[in-house]
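# Please find the sequence and the predicted model below.
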Amino acid sequence: MLKKKQTMARPRSRVGRGSAKARKKAARLAAVQALYQMEQTCIAPEAVINEFLKHRIGRDLERREIDGVTFVEPDADLFTAIVRLAGQRLSEIDLLISNALTHRTPLERLELLLRAILRAGVAELLAHRDVHARILLSEYIDIAHAFFSGREPNMVNGVLDRIARSLRPIEANNPLHSSDETAKPSE
């Protein structure tokens, strides 16, 4: 009589989910896209959150590859938090952005995508004090570089830096040390 080879059940593969850091980066990008969609369509934050969660985040792993590019699954909790906060505190966030802009560039004249990047960045500066301000600035500057090749990333840097210095003066004025980077590997 042959003995059946026993095998242990393998945990579900995490291929496509990505590291925590990559998932947070993807969540920030998705939040910017959601805020852009909200501005274009006047959809309420909860409706756009639900649409993204249903159709763009948490889909089957086999759908994560498009044209040979593998996409990382965004952190749904971070995505939801950013979009929800930006929607709830839009007036406050826009006032902070307007005050950080030069008088020659009113908020209303910025491109929709640039406004979405700034709003997401300010929302995180307001809410996620567990993440160093310099890390957040870097994340949103990277997003700006993904969409713009001109002066826009520098504008994102300048505006978010001014806001970070007013919201988190001690943190924003202190450089991020290498020990800080290792203390926050998931960002």
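Received the coordinates, thanks.
# residues making contact with the longest helix anywhere in the chain?
Longest helix in the chain by number of residues, with DSSP state H as the criterion: helix 20-41. Residues from elsewhere that reach helix 20-41, judged by Cβ atoms under 8 Å, 6 or more residues apart in numbering: 17-18, 43-45, 48-49, 52, 56-57, 71-76, 78-79, 82-83, 86-87, 112-113, 115-117, 119-120, 123-124, 139-140, 142-143, 146, 185-187. C-betas here are computed from N, CA, C, even on glycine.
# let's go with 7 Å and repeat that
Helix 20-41 is contacted by residues 17-18, 43, 45, 48-49, 52, 56-57, 72-75, 78-79, 82-83, 86-87, 112-113, 115-117, 119-120, 139, 143, 185-187 when judged by Cβ atoms under 7 Å, 6 or more residues apart in numbering.
# Tell me the first helix or strand C-terminal of it.
helix 45-55 (DSSP states H and E).
# about what we covered before: only whichever of the contacts of helix 20-41 are buried, select them in PyMOL.
In PyMOL syntax, the buried subset of those is picked out as below (16 or more other Cβ atoms under 10 Å):
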select buried, resi 17+18+43+45+48+49+52+57+72+73+74+75+78+79+82+83+86+87+113+115+116+117+119+120+139+143+187
